[in-house]
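# Sharing a sequence plus its predicted fold:
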Amino acid sequence: RRTEAMAGATWLQRLPRSSNYEGLSAMLIIVNAALILWETDWRAKAIAAAGAEPEVTEVTSISFGVAANVFCFLFLGDLLLRVHAERAAFFRSRERAWNIMDVLVVLTTVVESILQWYMWATGPNEAAALARVFLRKFSM
């Protein structure tokens with residue numbers, strides 16, 4: 001049945017259903033989780049050593065921010081590709097609960113990235129920092 005449905009599908013609609021694509025997606029999730037663990041460990045050690053959150057201007061902090069934005073972009077692209085491939089079935093399939101969770105996680109990650117860019121552009125802002133920390137809990 002799946003093969004029949006895929007017969008008239010475009011390359012972009014077939015791509016997210018391929019096993020290679022699913023494997024790459026799983027690998028990206030694992031690498032992102034490892035990066036988050038590494039960043040959390042680095043921040044905890046920096047706070048323990050200095051008694052305060054590391055400055056955003058530190059190279060390591062900027063590197064983690066750039067990596068987080070790259071993953072945000074990749075996950076947003078993945079989500080848009082899957083929505084394009086499945087159309088309305090994205091929210092009606094038996095995987096709809098996972099799909100809805102993916103939408104919520106990606107949206108919180110996008111908002112978190114926007115807040116991060118805002119904070120880099122305008123300087124320290126306690127309200128934006130608190131909102132970003134709150135959103136970070138959902139995007140992990």
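Here it is on my side, so go on.

# what's the strand or helix carrying Trp120 packed up against?
Per DSSP states H and E: Trp120 is located in helix 96-122. Helix 96-122 sits against helix 59-86, helix 126-139, with contacts defined as 3 or more CB pairs under 8 Å, 6 or more residues apart in numbering; DSSP states H and E. In this view, the C-beta of every residue, glycine as well, is placed from N, C-alpha and C.

# centre of the chain versus stretch 89-103, how much separation?
17 Å (CA atoms, centre = their mean, to the nearest Å).

# thinking again about what came up before, just so I know, which of the helices and strands packed on helix 96-122 lies nearest Ile30?
For these, proximity to Ile30 was assessed by CB to CB; helix 59-86 is nearest, at 11.5 Å.

# Helix 96-122 and the closest one, what's the angle between them?
140 degrees (axes from the mean of the first three to the mean of the last three CA atoms, to 10 degrees).

# Quick check: buried residues in helix 59-86?
61, 64-65, 67-69, 71-72, 75, 78-79, 81-83, 85-86 (16 or more other CB atoms under 10 Å).

# which secondary element of the chain has the worst mean pLDDT?
helix 2-6 (a mean of 56; mean pLDDT, DSSP states H and E).

# Kindly list the longest helix within this structure.
Taking DSSP state H as the criterion, the chain has its longest helix at helix 19-50.

# how about that helix: buried residues?
Tyr21, Ser25, Asn32, Leu35, Ile36, Glu39, Trp42, Ala46.

# Now do the same contact list for the second one.
Just to be clear, that refers to Ser25. Asp78 (CB atoms under 8 Å, 6 or more residues apart in numbering).
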